Structure formats: C-alpha cells, structure tokens
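Visitor: Quick check, what structure comes out for this input:
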Amino acid sequence: MKIVLPEKVHRIIEQLNAKGFEAYAVGGCVRDCCLGRIPNDWDITTSASPVQVKAIFPKTFDTGIEHGTITVLSEGEGFEVTTYRIDGEYEDGRHPKQVSFTPSLAEDLKRRDFTINAMAYNEAEGLVDLFGGLEDLEAGVLRCVGDPRERFLEDALRMMRAVRFCAQLGFEMEEETAGAVKELAPTLSRISAERVQAELIKLLVSPHPEYLRKAWELGITKVILPEFDALMSQPQNNGHHIFSVGEHTLETVCQIPGEKVLRLTMLLHDMGKPACAWVDEKGIYHYSGHAAKSAGLAKEILKRLKFDNDTSRKVVKLVGEHSLYPEATPQGVRLGIFRIGEDLFSSFLEVKRADVLGQNPKVHEKKLAYLDRLTQLYQEILQRGDCLSLKQLAVTGRDLMELGIPGGRGLGTLLNQLLMEVLEKPEKNQREILLRRGMELKEKLHL
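Guide: Prediction:
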C-alpha cells in the first residue's frame with residue numbers, strides 16, 4: 001500500500017528520523033488514504049518524548065503534553081505529534097488514570113480503538129498494520145483492537161464511535177464487537193452530554209443516518225435518547241403511513257440533506273406522537289397536537305444534550321411547524337414565511353418534503369405536487385422582493401409617531417396590522433398608502 005504523504009508531514013517525519021527517532025503518520029489519516037479519501041488532518045506518532053520533540057522543532061505549543069501531544073507548526077499549519085504511549089487504568093470510563101511513554105510502536109497501536117484506526121505509515125517502511133486493519137477495510141468490517149470489552153470499558157464513548165464509523169463508511173460491525181456494545185451500552189451514562197452530542201451529530205450527518213437503528217438494536221439509544229426507543233414501538237395504522245413512527249423517522253432522516261439542523265429536525269419531528277396517540281372506533285391511529293408536543297420534547301432533548309441556542313431555536317421551530325400546510329397561493333406562502341421565519345422557510349420546505357417521502361407511497365404524488373407548487377411560489381416571491389417582515393415595511397414606527405401616533409404596545413399592534421395587509425396585498429407597501437392607512441387604524445384602535 002503506497003501512500004503519498006503531504007510534504008509538511010514527510011518533512012516532520014524526516015526531521016525526527018534524522019535525530020534518531022521513529023515517526024509515522026497514524027490513525028484516521030492512514031485509514032482515509034487506504035480508502036482513497038483525502039484526510040481532514042494528519043497525526044504523527046513518534047518514539048521521541050515531548051521534550052525531545054520540542055527541542056527538534058522551533059515552533060511548537062503544548063496541546064496535551066500530559067498525554068504526550070505537542071503541536072508542531074510548519075509554515076503556519078499545525079500537526080499533532082504524539083509520543084508512543086501506554087494508557088494506564090481507566091477509572092471513569094473516559095480517561096486513563098495515568099499515561100506512560102514507550103519506545104514501542106506496537107504497544108502504542110494496540111491501545112487504539114479499532115483495527116482500521118490502528119495503522120501507521122512512513123515512506124521508509126510503508127504500511128505498519130499489526131491487527132488486520134487493511135483487511136477489515138477491504139471487507140467493510142469494523143472490529144476492535146484486541147478484546148472489545150476492554151476497549152469499551154476504557155472509554156464507553158467508543159461504542160457510539162463504532163456505530164458512527166459504520167455509518168460514515170457503510171461498514172458492518174464485527175459480531176464480537178457488536179456483542180460487547182450490547183453488553184456494555186449502559187455504561188454510556190457516564191459519558192458527558194457534550195461528547196454524546198458530538199458523536200450523535202457525526203452519525204446523523206453521515207451517508208447512512210439510518211444506522212441509528214443499529215444504535216437502537218444495541219441498546220445505545222436507550223441510554224442517550226430513550227425517547228427514540230418509544231418511537232420504535234409506536235405503530236401508525238392509518239392511510240398516510242406504512243411504518244412505525246420510529247421507522248418513519250429513520251426514513252425521513254435519510255430523505256433530507258445531510259445538514260445538522262435538518263437531520264436533527266427529522267430525528268425529533270415526531271417525538272410527541274407516542275404521548276398524543278389515540279385510536280378511533282375503526283382502529284385508525286391519530287396524533288392530535290403532536291407537532292407542539294414534539295417541539296416541547298425537542299427543546300428538552302436539545303437542552304439535555306447541551307446543544308447551542310441557535311441550533312435549538314431552529315430545530316424547535318421547524319419541529320413545531322412541520323405539520324403546517326400553508327395555502328398554495330402567494331398570500332398563503334407569504335403568511336407561511338412570516339410565521340416560520342425568512343431564515344427557515346426553505347428548511348421548512350425540505351422538512352415537509354422529507355416527511356412526505358417517509359409516508360405511504362400512495363400519498364406521495366398529491367403531497368409532492370402541493371410542495372412543488374409551494375416551492376415555485378416561494379421562489380417567485382423572493383424574485384419579486386415582496387415585503388415579508390416589519391423591517392421591509394415602507395414605513396417605520398418613527399414615521400407613524402411623527403403623525404401623532406403614540407409609542408408603546410398600540411403602535412406595535414398597528415404596525416403588525418399594516419404588515420398583515422401588505423402580506424395579503426404586496427402592492428400596498430408604499431409609504432403614502434401605509435401612512436394614510438396608519439391614520440385610519442389609529443382612529444379604529446383608539447390610539
């Protein structure tokens with residue numbers, strides 16, 4: 001296996017070699033090269049100690065010196081250089097109690113999580129693959145290095161990483177590795193919300209977000225997202241659906257572009273259905289008010305997983321509005337944009353389309369035609385530059401106050417009334433027309 005190292009990486013390895021130390025590119029960058037992909041970053045492992053690394057390179061900073069990692073700067077670009085190490089006992093299921101350095105590359109590689117991430121390379125020796133990583137890559141199999149129970153007891157998050165790598169690469173999980181995940185999944189409760197969130201997002205935006213089903217089968221979601229388990233057991237016996245709520249959710253996640261907010265929205269859009277479900281006398285399932293309930297649950301889940309406020313705002317809004325059906329007219333679409341927000345309406349259309357594509361194919365044609373019409377109207381509205389918000393009104397609150405209309409809540413009510421009229425008839429968005437209408441509304445509202 002021939003890998004072409006970037007010149008800067010090759011130069012760092014050569015400089016370490018020139019001082020009598022071993023050095024290799026290692027881990028994910030080697031894996032990606034073996035797959036024919038371009039690595040996002042390059043990590044280097046070496047027999048040199050951190051102090052020795054710092055003595056060789058003029059520009060460095062301490063990234064994680066207690067774990068042997070120094071960042072070496074080469075022409076303004078940083079590369080992590082880590083000393084071969086052996087991890088001590090893991091007491092918290094996350095971090096080794098202590099780290100000891102070793103002169104052995106083999107000792108360093110055998111502490112790593114999966115065989116595909118435990119390969120090293122330099123141009124002098126070629127590929128160092130002690131655990132069959134290349135064979136597993138070619139077979140499309142994810143396997144732990146050594147005993148999977150030991151690897152997962154060292155760091156429980158590796159169980160989520162296992163599913164995530166399978167989703168990113170389209171791999172199957174080796175049987176013993178999967179068995180260890182199923183046994184030890186409850187230990188994920190010891191992992192911080194921030195680390196869980198990061199892995200969940202990587203899985204969701206991967207080429208195979210449906211691998212969340214594997215996380216459910218192995219007991220991972222029971223710990224990190226128990227609400228999803230409720231979806232998997234919730235049937236949907238009505239003409240719009242052929243899947244359970246959970247399987248419908250997985251299908252919709254696959255039908256939307258791989259962007260964080262969109263995929264989170266589809267994951268959470270029906271979370272409220274189990275709580276809202278009722279069955280009529282014909283045995284048909286209904287979910288009255290499930291969008292609002294789902295939005296409430298989405299807000300709780302995103303807070304629990306420590307998502308940022310902007311992501312939470314967008315996802316909760318889209319979840320809460322996903323059952324909205326704006327009238328397929330210019331006025332109806334303008335009102336929909338006003339209600340949902342100019343920044344989110346295009347995402348709303350994506351959410352609606354993915355939701356339909358996860359339903360019974362018998363309803364696709366009619367619903368997709370409706371969405372095509374909404375999309376066409378939306379594009380025409382943007383091209384015309386129709387007024388869609390208060391900031392686009394041809395008058396401001398100050399303009400109206402200069403006519404003697406007092407400030408305060410009444411002024412806000414008047415401005416909103418003017419906006420509603422402009423959303424209905426965009427041609428009214430002219431200063432003279434709105435000032436005259438403002439005076440009429442002043443008398444009507446007794447301002």
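
Visitor: list the contacts for Ala8?
Guide: Careful, residue 8 is Lys and not Ala. Contacts here follow Cβ atoms under 8 Å, 6 or more residues apart in numbering; on that basis Lys8 touches 74-75, 77, 79. (Glycine included, C-beta is placed from N, CA and C.)

Visitor: Can you pull the phi/psi pair for it?
Guide: Per-residue torsions, Lys8: phi -70, psi -40 (degrees, to the nearest 10).

Visitor: Report the separation between the nearest residue to Val261 once chain neighbours are set aside and Ile340.
Guide: Sequence neighbours aside, Lys314 is the residue nearest to Val261 in space, at 4.9 Å (criterion: Cβ to Cβ, 6 or more residues apart in numbering). For Lys314, the distance to Ile340 equals 10 Å [Cβ to Cβ, to the nearest Å].

Visitor: got it, and Gly68?
Guide: With Cβ to Cβ as the criterion, Gly68 and Ile340 are 50 Å apart.

Visitor: where in the stretch 1-150 of the chain is pLDDT low?
Guide: The stretch 1-150 of the chain contains residues with pLDDT under 70 at 88-98.

Visitor: Which residue ranges of it form strands?
Guide: Secondary structure of the stretch 1-150 of the chain by DSSP state E, counting those that start in this stretch: the strands cover 23-26, 43-46, 60-64, 69-74, 77-83, 85-87, 99-101, 119-122, 126-129, 141-142.

Visitor: Now that we have the ones you listed, can you turn them into JSON lines and tack on distance to Ala275?
Guide: Shown next, in JSON lines, are those (distance: least, Cβ to Cβ, whole Å):
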{"stretch": "strand 23-26", "distance to Ala275": "48"}
{"stretch": "strand 43-46", "distance to Ala275": "46"}
{"stretch": "strand 60-64", "distance to Ala275": "44"}
{"stretch": "strand 69-74", "distance to Ala275": "47"}
{"stretch": "strand 77-83", "distance to Ala275": "46"}
{"stretch": "strand 85-87", "distance to Ala275": "44"}
{"stretch": "strand 99-101", "distance to Ala275": "47"}
{"stretch": "strand 119-122", "distance to Ala275": "48"}
{"stretch": "strand 126-129", "distance to Ala275": "51"}
{"stretch": "strand 141-142", "distance to Ala275": "36"}
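
Visitor: Which one, of these, ends up nearest to Ile191?
Guide: When the strands of the stretch 1-150 of the chain are compared by Cβ to Cβ, strand 85-87 sits nearest Ile191, at 17.1 Å.

Visitor: contact partners of that closest one?
Guide: For strand 85-87, contacts defined as Cβ under 8 Å, 6+ apart pick out 67-68, 96, 99-102, 107-108, 111, 154.

Visitor: what do you get if the cut-off is 10 Å, keeping everything else the same?
Guide: Strand 85-87 is contacted from outside by 45, 67-69, 95-102, 104, 107-108, 110-112, 154-155, using Cβ atoms under 10 Å, 6 or more residues apart in numbering.

Visitor: Name the residues of it that come out as buried.
Guide: Going by neighbour count (16 or more other Cβ atoms under 10 Å), the buried part of strand 85-87 is 85, 87.

Visitor: Not counting sequence-adjacent ones, nearest residue to Leu73?
Guide: Counting by Cβ to Cβ, 6+ apart, Lys59 is the residue found nearest to Leu73 once chain neighbours are left out, at 4.0 Å.

Visitor: hmm, back to that, now do the shared contacts for Lys314 and Ile340.
Guide: Ser347.

Visitor: Same list, the contacts of Lys8, but as CSV with distance to Gly332 and neighbour count please.
Guide: Shown next, in CSV, are those (distance: Cβ to Cβ, whole Å; neighbours: other Cβ atoms under 10 Å):
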residue, distance to Gly332, neighbour count
Ser74, 58, 16
Glu75, 56, 8
Glu77, 52, 13
Phe79, 55, 21
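
Visitor: Out of those residues, which comes closest to Leu377?
Guide: Glu77 (47.8 Å).

Visitor: Specify the beta-bridge partners of that closest one.
Guide: Legend: beta-bridge partners of Glu77 under DSSP bridges are Ser74.

Visitor: before we move on, the earlier item: I'd like the contacts of Lys8 as a markdown table, with distance to Tyr378 appended.
Guide: Putting those into a markdown table (distance: Cβ to Cβ, whole Å) gives the following:
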| residue | distance to Tyr378 |
| --- | --- |
| Ser74 | 48 |
| Glu75 | 47 |
| Glu77 | 43 |
| Phe79 | 46 |
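
Visitor: Perfect, I'm done here.
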